[in-house]
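# Quick check, what structure comes out for this input:
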Amino acid sequence: MSPKVSQEHKEQRRNQLLQAAEEVFIEHGYEHTTMKHVMDKAGVSRGGLYQYFDNKEDLFEAVIGEQQKEIIDESLQSMIEEQGSCWDALLMTFLGEEKKANDDMDPLAPSKLEYFITGRNEKRRREHARERYHHAYQITANIIEKGIEAGEFVPRFDPQVIARYIISYVDGLAVDHAILDSESIKLKEQTELLIEYLRWGLNVKD
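The predicted structure is shown next:
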């Protein structure tokens, strides 16, 4: 009889596989990554990987799913309190904890673009893309709404349009960055412009 593996051990192993897979996707891109690449990086057998993931698509969706955890209202409120304001919480959603413009882009962005663009005619990927967009929109719109309720924001435009604008702008920068580079597109400078435009468009009250 084989020894019983604890749920905690399974979670640890799954997380190790996801970490290895993320590194491989960043290095090779989505299209050129193989399950063998991930096996070698993680140091596991074929069975050790396929026990957790059926194919590359499942694996990649799990990797990017880790980056976009579901946020419910209570945890969203906690995030706002932790950041100190709705404005800072909003900046964190697309700038990270430092909340400052820089020349860094999500290193997985090129793989995400490959995955969704090359699979744009596949039902599964289109539905996944819609879910991710809706999730990002809901988080952004909810932060803006809470900022309005708190008197932090007095928007000059429809808050829902502002939320969608942020997502589209950041996605557009990701596309350009994947094809070109930070210097060519002036990533930091464009991000600084986005921040100032949002400050004006939301009419942020200090």
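
# For Ile195, list the residues it contacts.
Residues near Ile195 by C-beta atoms under 8 Å, 6 or more residues apart in numbering: Leu91, Ala101. C-beta: built from backbone N, CA, C; applies to glycine.

# Is it in a helix, a strand, or coil?
Secondary structure assignment for Ile195 (DSSP: H, G, I helix; E, B strand; the rest coil): helix.

# any low-confidence regions in the protein?
When residues are selected by pLDDT under 70, those of the chain lie in 1-5, 68-74.

# If you count neighbours, what's buried in the strand or helix carrying His135?
Applying DSSP states H and E as the criterion places His135 in helix 123-149. By neighbour count with 16 or more other C-beta atoms under 10 Å, helix 123-149 contains the buried residues 125, 128-129, 132, 136, 139-144, 146-148.

# And the next helix or strand past it?
Counting by DSSP H and E, the next helix or strand C-terminal to helix 123-149 is helix 159-179.

# Identify all contacting residues around that next one.
Identification of contacts with helix 159-179 by C-beta under 8 Å, 6+ apart yields 90, 93-94, 105-106, 109-110, 112-113, 133, 136-137, 140-141, 144-145, 148, 153, 155, 184-185, 187, 190-191, 194, 198, 201-202.

# CA atoms only for that helix - export them in CSV, please.
Taking Å, rounded to 0.1, in the frame of the first residue of the first chain, the C-alpha atoms of helix 159-179 are listed here in CSV:
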residue,chain,number,x,y,z
PRO,A,159,-16.7,55.8,-13.2
GLN,A,160,-17.5,52.6,-15.2
VAL,A,161,-15.8,54.1,-18.3
ILE,A,162,-12.8,55.1,-16.2
ALA,A,163,-12.5,51.6,-14.9
ARG,A,164,-12.5,50.1,-18.4
TYR,A,165,-10.1,52.8,-19.6
ILE,A,166,-7.5,51.8,-17.1
ILE,A,167,-7.7,48.1,-18.1
SER,A,168,-7.5,48.9,-21.8
TYR,A,169,-4.6,51.4,-21.4
VAL,A,170,-2.5,48.9,-19.3
ASP,A,171,-3.3,46.1,-21.8
GLY,A,172,-2.2,48.3,-24.7
LEU,A,173,1.1,49.0,-23.0
ALA,A,174,1.6,45.3,-22.4
VAL,A,175,1.1,44.6,-26.1
ASP,A,176,3.6,47.3,-27.2
HIS,A,177,6.1,46.2,-24.5
ALA,A,178,5.9,42.6,-25.7
ILE,A,179,6.8,43.6,-29.2
